[in-house]
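*Asks:* Predicted model and sequence below, questions to follow.
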Amino acid sequence: MAIMGIFVLLSSPLAVAQSSVTMESIVILDELDLGVVGAEASPDGNSILAYGAESSIFVIESDTPENNSKVDFSGGEMLLDASFHPSGNTALLVGGGGQLLRFISANSTIENAGGASNFGDTELKAVSWNGDGSWAYIGGEGGWIWKFRGLDGGGVEAIPLENRGESDVNAISCLRGYNICIVSSSVDGIGIINQEHELFWIGGYGNPWIDVTCPSSTSMECVVISSDLTIARIRMNTEDPSKTTIYDNDIVQLQGFDGIMTGVEIQKDGVSLISLAPFGLIEHDLEESRSFHWLDNTDAVDFDASISGERIVSTWGTGPYDGWILTDSGTIVSFTMSSTEEGGTILEIWIGVIILGGTALMIVSLLTSSSPRLSRWLTKRIGSEEERKSVIREERRLSKKKGRA
């Protein structure tokens with residue numbers, strides 16, 4: 001039993017900090033609570049387009065967010081999503097009341113690109129350009145999805161897709177280099193739009209799918225998240241998108257994480273960051289098909305209790321383990337690989353070895369004092385040459401004594 005106790009002690013995991021990154025510098029877009037809803041990175045990754053309440057729009061340098069500016073535009077609707085054209089020259093923003101805006105990158109100006117005449121009074125919640133930028137898809141409440149493009153002469157074309165669902169379309173994401181897109185909805189499940197603008201529902205019915213991203217430039221796979229800590233991995237059939245299938249093991253509810261998922265962004269190729277409420281981040285590695293603690297709420301509280309009470313609305317990476325977090329109030333916080341994690345882990349391991357080693361030696365000492373046979377066995381293996389000879393002589397003497405008996 002004592003030996004088993006040593007084994008249990010030596011095999012027990014050591015407690016270490018779970019967060020992979022630490023938060024550092026802070027940038028404030030405005031002293032007022034801005035009601036930011038989200039942000040979109042430009043195709044070259046150099047700039048971030050943030051948007052939110054009362055049609056507020058900010059342009060932020062991705063590496064140095066202190067360099068930011070508010071776009072001059074007067075509007076009253078809440079902006080809910082944005083998508084850059086693959087060229088990076090423009091971006092579409094959508095929001096309440098059927099509002100559709102076009103952002104011009106060259107001079108950071110805004111123009112109306114559509115409205116109630118195209119979309120009625122539908123709250124537009126999602127927008128994404130397809131791979132070659134020939135069409136954008138716009139989704140809204142009540143299951144509405146339109147294909148959209150501008151026409152020569154300043155006009156626009158907005159055509160509803162057939163086979164729409166009945167619940168809100170919360171997000172749309174298109175594969176890079178392919179005119180194939182994926183749709184997430186509140187109840188109707190996960191949908192695929194093929195090259196002919198046909199919409200197919202492939203599964204996941206009933207889950208509150210809130211966001212989707214396709215983070216890999218080589219693997220034709222997308223990650224869809226649900227507010228109830230559920231992740232779906234979708235392997236796109238690029239030859240015939242309608243044959244894309246969701247298998248039982250493609251939908252997994254995470255264990256060991258706390259909170260509600262609120263969004264997902266690309267951190268680096270093949271890796272996504274999932275935002276949590278309360279304030280936290282999960283790393284999802286597409287290649288490994290696993291999720292890891294990235295930033296825990298307890299570490300956010302230790303960093304700044306007031307910021308930890310804000311809601312994460314977007315993240316963007318500036319390196320494999322570096323980047324920025326944007327909150328709903330307009331706070332931008334940097335994160336980087338935890339410099340104390342490796343050192344802390346090593347320190348804790350060494351402390352654990354010392355403590356467990358001391359405990360093991362104490363138990364061994366007790367065992368050998370109560371068992372002469374075990375004491376002799378250990379001496380022959382780890383004792384000095386003189387001690388081993390003495391033990392051998394003692395065992396011979398005991399053997400002879402036993403024979404005479």
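*Replies:* Everything's here; your move. Because the structure is predicted, anything quoted here is derived from the model rather than measured. Numbering: from 1, shown residues only.
*Asks:* OK, contacts around the residue nearest to Ala113 when sequence neighbours are not counted?
*Replies:* Excluding the flanking residues, the one nearest Ala113 by C-beta to C-beta, 6 or more residues apart in numbering is Arg102, at 4.1 Å. All C-beta spots, glycine's among them, are computed from the backbone N, C-alpha and C. Counting by C-beta atoms under 8 Å, 6 or more residues apart in numbering, Arg102 makes contact with Thr90, Ala91, Leu92, Leu93, Ile110, Glu111, Asn112, Ala113.
*Asks:* Show me which pair in the residues you listed is furthest apart.
*Replies:* Using C-beta to C-beta, the contacts of Arg102 reach their maximum pairwise distance at Ala91 and Asn112, which is 14.0 Å.
*Asks:* Between the two, which is the more surrounded one?
*Replies:* More neighbours surround Ala91 than the other of Ala91 and Asn112, with 24 against 12 (other C-beta atoms under 10 Å).
*Asks:* between the contacts of Arg102, which is closest to Ile251?
*Replies:* Among those, and counting by C-beta to C-beta, the member closest to Ile251 is Leu92, at 30.4 Å.
*Asks:* how about the closest one, secondary structure?
*Replies:* strand (DSSP: H, G, I helix; E, B strand; the rest coil).
*Asks:* what about the nearest residue to Gly76 once chain neighbours are set aside, how many neighbours?
*Replies:* Excluding its sequence neighbours, the residue lying closest to Gly76 (C-beta to C-beta, 6+ apart) is Glu54, at 5.8 Å. Glu54: 13 surrounding residues under other C-beta under 10 Å.
*Asks:* Give me the three-state assignment for Glu54.
*Replies:* Strictly by three-state DSSP, Glu54 counts as helix.
*Asks:* ok, it - contacts?
*Replies:* Glu54 makes contacts with Gly35, Gly75, Gly76, Glu77, Met78, as judged by C-beta under 8 Å, 6+ apart.
*Asks:* So what's the residue count around the first one?
*Replies:* Counted with other C-beta under 10 Å, residues neighbouring Gly35 total 15.
*Asks:* so what's it up against?
*Replies:* Gly52, Ala53, Glu54, Ser56, Met78, Asp328, Ser329.
*Asks:* do you know how far it is from Asn68?
*Replies:* With the distance defined as C-beta to C-beta, to the nearest Å, Gly35 ends up 16 Å from Asn68.
*Asks:* Kindly state the domain boundaries assigned to this structure.
*Replies:* Following automatic domain parsing, one gets these domains for the chain: 2-9+346-404, 22-337.
*Asks:* Endpoint to endpoint, the longest one covers what distance?
*Replies:* In terms of C-alpha to C-alpha, to the nearest Å, the two terminal residues of domain 22-337 are separated by 6 Å.
*Asks:* And the average pLDDT for that domain is what?
*Replies:* Model confidence over domain 22-337 averages 96 on the pLDDT scale.
*Asks:* Could you check how far that domain is from the centre of its chain?
*Replies:* 12 Å (C-alpha atoms, centre = their mean, to the nearest Å).
*Asks:* what's the burial count for Asp250?
*Replies:* 18.
*Asks:* And Ser20, by the same measure?
*Replies:* Ser20 has 18 nearby residues by other C-beta under 10 Å.
*Asks:* ok, it touching Phe335?
*Replies:* No - in this structure, Ser20 is not within contact of Phe335 by C-beta atoms under 8 Å, at 9.2 Å.
*Asks:* Can you pull the residues that touch both of the two?
*Replies:* Joint contacts of Ser20 and Phe335 (C-beta under 8 Å, 6+ apart) are Leu295.
*Asks:* Show me which of the contacts of Arg102 is closest to Phe279.
*Replies:* Phe279 lies nearest to Leu93 out of the contacts of Arg102, by C-beta to C-beta, at 25.6 Å.
*Asks:* Would you map the helices across the stretch 1-150 of the chain?
*Replies:* 2-11, 116-119 (DSSP state H, counting those that start in this stretch).
*Asks:* Lowest mean pLDDT across those helices, which one is that?
*Replies:* helix 2-11 (a mean of 37).
*Asks:* can you tell me how far the residue nearest the centre of the chain sits from Glu221?
*Replies:* The centre of the chain sits closest to Leu273, judged by C-alpha atoms, centre = their mean, with a distance of 2.0 Å. Distance of Leu273 to Glu221, given as C-beta to C-beta: 16 Å.
*Asks:* same check, this time on Arg164
*Replies:* Applying C-beta to C-beta, one obtains 25 Å for the distance of Arg164 from Glu221.
*Asks:* Next: His293.
*Replies:* 22 Å.
*Asks:* if we can go back for a sec, need the contacts of Arg102 in JSON lines (columns: distance to Thr230).
*Replies:* Putting the contacts of Arg102 into JSON lines (distance: C-beta to C-beta, whole Å) gives the following:
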{"residue": "Thr90", "distance to Thr230": "34"}
{"residue": "Ala91", "distance to Thr230": "30"}
{"residue": "Leu92", "distance to Thr230": "29"}
{"residue": "Leu93", "distance to Thr230": "29"}
{"residue": "Ile110", "distance to Thr230": "36"}
{"residue": "Glu111", "distance to Thr230": "39"}
{"residue": "Asn112", "distance to Thr230": "38"}
{"residue": "Ala113", "distance to Thr230": "34"}
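*Asks:* out of those, who has the most neighbours?
*Replies:* When neighbours are counted by other C-beta under 10 Å, Leu93 leads the contacts of Arg102 with 27 neighbours.
*Asks:* Just list whatever residues bridge to it.
*Replies:* Note on Leu93: beta-bridge partners Ala82, Leu101, judged by DSSP bridges.
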